[in-house]
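Participant: I'd like to go over a predicted model; first the sequence, then the structure.
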Amino acid sequence: MNALLPLALLIAVSAQPDRSQSYLVSIVDVPLQAGESLERFALSTLGVSYQAICKLPEGWTIKAGSSIRGDGVLEGEGSNGVTWLPRSSPPELEAIALVTLEIESAPNSFSGSATIAGIDGEREVALTSSNVRLTAASGCRGRRVR
């Protein structure tokens, strides 16, 4: 029986699921009203490792990274009113970054805010994990927004 113990241990270890998964991150469902545009967003992350910025929308700067402790940021900002995004789920922010997400942190990995520009000025709105769509992927998509 003792000879079977190492084999049983090897099978049990190899049956453990991978504890992380790679995803493409898209910013979605930003609460815009008529005549408003997304000027900037800032998300704090937990349990997210950034692998790549997959898309850099024209006129935007994107910042992403995480610390060894597991906390991080994903931020983006348009350079002026012409580059601000007038859709609540802008295609320019679709599949913007490739991340590895630790499974335990998946439900609440993203939180932050967006700055919305409108005729009456700016306003801040909260962003949560519900404003981030994760699509399983092994790498960035090959297309760019123009």
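Facilitator: Structure's in. What do you need? Residues are numbered from 1 along each chain as shown.

Participant: only C-alpha atoms for contact and neighbour calcs from this point on.
Facilitator: Fine.

Participant: so how far is residue 39 from residue 22?
Facilitator: As judged by CA to CA, to the nearest Å, residue 22 and residue 39 stand 28 Å apart.

Participant: now residue 110
Facilitator: Residue 110 is 19 Å from residue 39, by CA to CA.

Participant: Give me the sheet partners of the helix or strand harbouring residue 98 and which way each runs.
Facilitator: Residue 98 belongs to strand 97-102 when assigned by DSSP states H and E. Here strand 97-102 is paired, per DSSP bridges, with strand 20-27 (antiparallel), strand 48-53 (antiparallel).

Participant: For the first one, C-alpha coordinates in CSV please.
Facilitator: In this case it means strand 20-27. C-alpha atoms of strand 20-27 as CSV (Å, rounded to 0.1, in the frame of the first residue of the first chain):
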residue,chain,number,x,y,z
SER,A,20,-5.5,31.8,-12.6
GLN,A,21,-6.9,32.5,-16.0
SER,A,22,-6.0,35.1,-18.7
TYR,A,23,-8.6,37.5,-19.9
LEU,A,24,-9.1,40.5,-22.2
VAL,A,25,-10.5,43.5,-20.4
SER,A,26,-13.1,45.7,-21.9
ILE,A,27,-14.7,48.8,-20.2
